[in-house]
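Novice: Below are the sequence and a predicted model; questions follow.
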There are 2 protein chains.
Amino acid sequence: MNNRHTTEIATLGEFGLIDRLTSRLAKRNTSTLMSAGDDAAVIDLGNDVLLLTTDMLTEGIDFDLSYFPLKHLGYKAIIRGVNDILAMNARPEQVVVALGISAKISVEALDELYEGMERACEELGIDIVGGDTTASMNGLVITVTATGRAKKGDVVYRSGAKEHDLICITSNLGAAYMGLHLLEREKRVLKDVENPEPKFAGHEYLLERYLKPRARVNVLDALREEGIHPTSMIDLSDGLASDLRQICRSSKCGARIYLERIPIARQTTELAEEMHIDPVIAALNGGEDHELLFTVPLDKQEAIMRLGLVDVIGHITREESGVILVTPDGEGIALKAQAFDR
Amino acid sequence: MNNRHTTEIATLGEFGLIDRLTSRLAKRNTSTLMSAGDDAAVIDLGNDVLLLTTDMLTEGIDFDLSYFPLKHLGYKAIIRGVNDILAMNARPEQVVVALGISAKISVEALDELYEGMERACEELGIDIVGGDTTASMNGLVITVTATGRAKKGDVVYRSGAKEHDLICITSNLGAAYMGLHLLEREKRVLKDVENPEPKFAGHEYLLERYLKPRARVNVLDALREEGIHPTSMIDLSDGLASDLRQICRSSKCGARIYLERIPIARQTTELAEEMHIDPVIAALNGGEDHELLFTVPLDKQEAIMRLGLVDVIGHITREESGVILVTPDGEGIALKAQAFDR
């Protein structure tokens, strides 16, 4: 745009871009309780708070329409948006949807997208209350902005993890990542084939995990019923390594997680080995799991095990201990995340 | 995407796409007072309501980075988002910003964009409380989602206009449209010139109206102080013809506006004539004015004139009379809007 010195965004590192952009933001309204720095913003409503979060998906980066059915895409866009509300331990209520529509998108295609969005909203009891449509020169763009509500004391931030807390996740990891890799492989292999027949048999689980992630409302309900209040929580979107580091960074703590305790589905391991991908890398850095990562006090260990809904993969330590993955032979490896954190 | 019959979006007509997409939306939360169909959604907070609106801008459609300074773009993105809150007669409070960032955007460019956004937020006393960044294959995308708050009884909908109400606007029209045309002309003319020197002298007003629209908070404040409660209101984004038709459609009424009462700035008329554009078309269909169009009861005529802040351009009629532009010689022309209403 000009001849001045310019910096590529990738050079800012894992949390650099967000930090740089948000550091300049002023707070002018007393109702603004929490700005950037968590899954959602927190706005004062008196006894309750309003949660607000926005999530953009762009064609070619976040989805590929050559294999992503529009109905699933609509469904996933809502789940992604809403997951950030759930990760604050709040009830999602309304969403607004902005669409950038490229010329190749037909009315029928938009119908399918909306059908998927409405399906997700129906399951979660939320309303699409508005939107915006504009043309897009190059590819579909979807921004879902979600609101939710919670009692002030019920909100769970990223910043509340304490030493000795247990680290929990709501499902096995890396499956969505392998589903994506499978779709990409079949697209590549069948590029010039006239009547392509992608080989998906036996991999339905992985495809579903990528194309149709589930919101874990049931886990949050169960925790509430058992009187277990998480001390910190985050939506697993960037991968366990990055998201656990987010919690540790916000909570000023360290963590030890144990490799043999990280659940990886059989289907994930099998396809990963077939494709010469380390299943542990898929689980740690794959991203798009859209499960919940949270911490609970140590004295809730029995109660949390009894639920049968989550896996405990480690515990919180002091900040100076770092964020460590412990291998089966007891070695500790410092966890790093990818450089450019989308 | 497949071989089924597909329909181009443009064939759906002025309000067709929005109607089609929103007709399927269910309402599941009692807190959802008003969904699609107005400038913003209305969510119940008890005595107050929350307003929520989202607005997407895509590069190449809504802005051209070859002449749109990023600082202005950031400013305008916020004003556009917030205007929909103002058009509900509410106080904007928080916004979240989602960005799709193309490879050519540097960190410094994003700094400028944010500087403009913060400038607008500072002027309006609002907070940027969160956001999302993703990569974009093709051009910058900006989605601003804004919240606002109002007492339940203060909210002004599009649907409240009554026969005999006066139709008011907050500034002259068509200037932003001519500013855009000027920028496009200079870009075209100087396409292959080595050291381009665009001829903007004398047209600063038009450029400013396009690049840096103003939020008319002062008008809303003045109306409140004078005890004038608008019966209907809309943000003038698609052009007077289209937006007036929106009010008439929602309010089930007609309208008569008088050509000689529609304010058009001298600068707008001069450039329009130079460029062989009908200034009336610029004012009626140009769009992007980002002024407020609203109606007030007839008995507020004196009070509204006394304000000196708005122009009265006509009055509301019965639905069967249609939406009519009256020319200086008394002829009535039915107002139509463009086919594809973004």
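Specialist: On my side now, so go ahead.
Novice: Name the nearest residue to whichever residue of the stretch 1-150 of chain A sits closest to chain B, sequence neighbours excluded.
Specialist: Distances between the stretch 1-150 of chain A and chain B by C-beta to the nearest C-beta are smallest at A:N138, namely 3.1 Å. Yep, even glycine has a C-beta here, placed from its N, CA and C like the rest. Spatial nearest neighbour of A:N138, excluding adjacent residues (C-beta to C-beta, 6 or more residues apart in numbering or on different chains): B:N138 at 3.1 Å.
Novice: pretty sure that neighbour is touching A:S102, no?
Specialist: No. The criterion here is C-beta atoms under 8 Å, and B:N138 misses it with A:S102 at 9.2 Å.
Novice: and for the two, which residues touch both?
Specialist: A:137-139 (C-beta atoms under 8 Å, 6 or more residues apart in numbering or on different chains).
Novice: isn't A:E186 right next to A:E197, touching?
Specialist: No. Using C-beta under 8 Å as the test, A:E186 is too far from A:E197 to be in contact (9.2 Å).
Novice: give me the number of residues near A:R256?
Specialist: By the measure other C-beta atoms under 10 Å in any protein chain shown, the count of residues near A:R256 is 18.
Novice: And A:A10, by the same measure?
Specialist: Neighbours of A:A10 (other C-beta under 10 Å): 13.
Novice: Got the phi and psi for it?
Specialist: phi -60, psi -30 (degrees, to the nearest 10).
Novice: what's the distance between it and B:S106?
Specialist: 11 Å (C-beta to C-beta, to the nearest Å).
Novice: Helices of the stretch 151-300 of chain A, residue ranges please.
Specialist: A:175-189, A:204-211, A:217-225, A:240-251, A:266-274, A:279-285 (DSSP state H, counting those that start in this stretch).
Novice: Relative to B:L50, which of the ones you listed is closest?
Specialist: helix A:217-225 (22.5 Å; C-beta to C-beta).
Novice: residues in contact with the closest one?
Specialist: For helix A:217-225, the surrounding residues in contact (C-beta under 8 Å, 6+ apart) are A:86, A:89, A:124, A:170, A:229-230, A:292, A:296, A:307, A:309-310.
Novice: before we move on, back to that, looking at A:E186 and A:E197, which has the bigger crowd around it?
Specialist: Taking neighbours as other C-beta under 10 Å, A:E186 and A:E197 compare with A:E186 leading, 17 against 8.
Novice: Spatially central residue (nearest the centroid) of chain A, please.
Specialist: Nearest residue to the geometric centre of chain A (C-alpha atoms, centre = their mean): A:S237, 2.4 Å.
Novice: Is that residue in contact with A:D243, as I believe?
Specialist: Yes. Taking C-beta under 8 Å as the definition, A:S237 is a contact partner of A:D243 at 7.0 Å.
Novice: how much does the one helix or strand A:T58 maps to deviate in direction from strand B:48-58?
Specialist: If you go by DSSP states H and E, A:T58 is part of strand A:48-58. With axes from the mean of the first three to the mean of the last three C-alpha atoms, to 10 degrees defining the directions, strand A:48-58 sits at 10 degrees from strand B:48-58.
Novice: so what's the nearest residue to A:A282 once chain neighbours are set aside up against?
Specialist: Leaving aside its chain neighbours, A:A282 sits nearest to A:G174 (3.4 Å; criterion: C-beta to C-beta, 6+ apart). Shown in contact with A:G174 (C-beta under 8 Å, 6+ apart): A:264-265, A:268, A:272, A:279, A:282-284, A:286, A:289.
Novice: Check A:G174 and give its pLDDT.
Specialist: Note on A:G174: pLDDT of 97.
Novice: Phi and psi next, for it.
Specialist: phi 90, psi -10.
Novice: now swap in A:L173 and tell me
Specialist: The phi/psi pair for A:L173 (degrees, to the nearest 10) is phi -120, psi 160.
Novice: What residues does it make contact with?
Specialist: A:236, A:240, A:262-264, A:282-284, A:286, A:289, A:291.
Novice: how much space is there between A:T268 and A:F68?
Specialist: 20 Å.
Novice: neighbour-wise, which of the two wins?
Specialist: Higher neighbour count among A:T268 and A:F68: A:T268, with 27 against 17, using other C-beta under 10 Å.
Novice: Verify the stated contact: the more buried one with A:P279.
Specialist: Yes. The pair A:T268 / A:P279 is scored as a contact, 5.8 Å apart, by C-beta under 8 Å.
Novice: Show me how far the lowest-mean-pLDDT helix or strand in chain A is from its chain's centre.
Specialist: Using mean pLDDT, DSSP states H and E, the weakest-scoring helix or strand in chain A turns out to be helix A:16-23, at a mean of 79. Centre-to-centre, helix A:16-23 and its host chain are 20 Å apart (C-alpha atoms, centre = their mean, to the nearest Å).
Novice: now stretch A:323-330
Specialist: Using C-alpha atoms, centre = their mean, the offset of stretch A:323-330 from its chain centre is 24 Å.
Novice: Same question for stretch A:246-253.
Specialist: The mean C-alpha position of stretch A:246-253 is separated from the chain mean by 17 Å, C-alpha atoms, centre = their mean.
Novice: Report whether it contacts chain B.
Specialist: No. Applying C-beta under 8 Å from any C-beta of the partner chain, one finds stretch A:246-253 separated from chain B by no less than 14.3 Å.
Novice: Quick check: closest non-adjacent residue to A:M56.
Specialist: According to C-beta to C-beta, 6+ apart, the nearest residue to A:M56 is B:A98 (3.9 Å).
Novice: follow-up on the earlier one: compare B:N138 and A:S102 (neighbour count), which wins?
Specialist: Neighbours per residue, other C-beta under 10 Å: of B:N138 and A:S102, the larger number sits with B:N138, 21 against 16.
Novice: what's the burial count for A:N29?
Specialist: Neighbours of A:N29 using other C-beta under 10 Å come to 18.
Novice: Go ahead and confirm it touches B:C121.
Specialist: No. The criterion here is C-beta under 8 Å, and A:N29 misses it with B:C121 at 10.2 Å.
Novice: Quick check: neighbours shared by these two?
Specialist: In contact with both A:N29 and B:C121: B:D127, using C-beta under 8 Å, 6+ apart.
Novice: what packs against the helix or strand harbouring A:K76?
Specialist: Taking DSSP H and E as the criterion, A:K76 maps to helix A:70-86. When contacts are defined as 3 or more C-beta pairs under 8 Å, 6 or more residues apart in numbering or on different chains; DSSP states H and E, helix A:70-86 packs onto strand A:48-58, strand A:91-101, helix A:107-124, strand A:141-151, strand A:232-236.
Novice: Format the ones you listed as TSV; extra columns: mean pLDDT and mean neighbour count.
Specialist: What follows is these, written out as TSV (pLDDT from 0 to 100; neighbours: other C-beta atoms under 10 Å in any protein chain shown):
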stretch	mean pLDDT	mean neighbour count
strand A:48-58	95	26
strand A:91-101	95	27
helix A:107-124	94	20
strand A:141-151	96	26
strand A:232-236	96	26
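Novice: Make JSON lines out of the ones you listed and add distance to B:G37.
Specialist: Shown next, in JSON lines, are the helices and strands packed on helix A:70-86 (distance: least, C-beta to C-beta, whole Å):
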{"stretch": "strand A:48-58", "distance to B:G37": "22"}
{"stretch": "strand A:91-101", "distance to B:G37": "13"}
{"stretch": "helix A:107-124", "distance to B:G37": "16"}
{"stretch": "strand A:141-151", "distance to B:G37": "18"}
{"stretch": "strand A:232-236", "distance to B:G37": "31"}
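Novice: Which of these sits closest to B:G322?
Specialist: Here helix A:107-124 is closest among those (C-beta to C-beta), at 28.0 Å.
Novice: got the contact list for that closest one?
Specialist: Under C-beta under 8 Å, 6+ apart, the answer for helix A:107-124 is A:69-79, A:82, A:92, A:95, A:97, A:99, A:101, A:127-128, A:142, A:215, A:217, B:1, B:4-9, B:11-12, B:17, B:20-21, B:24-26, B:28.
Novice: sorry, back to before: ok, of the contacts of helix A:217-225, which come out buried?
Specialist: The neighbour count (16 or more other C-beta atoms under 10 Å in any protein chain shown) marks A:86, A:89, A:124, A:170, A:230, A:292, A:296, A:307, A:309-310 as buried among the contacts of helix A:217-225.
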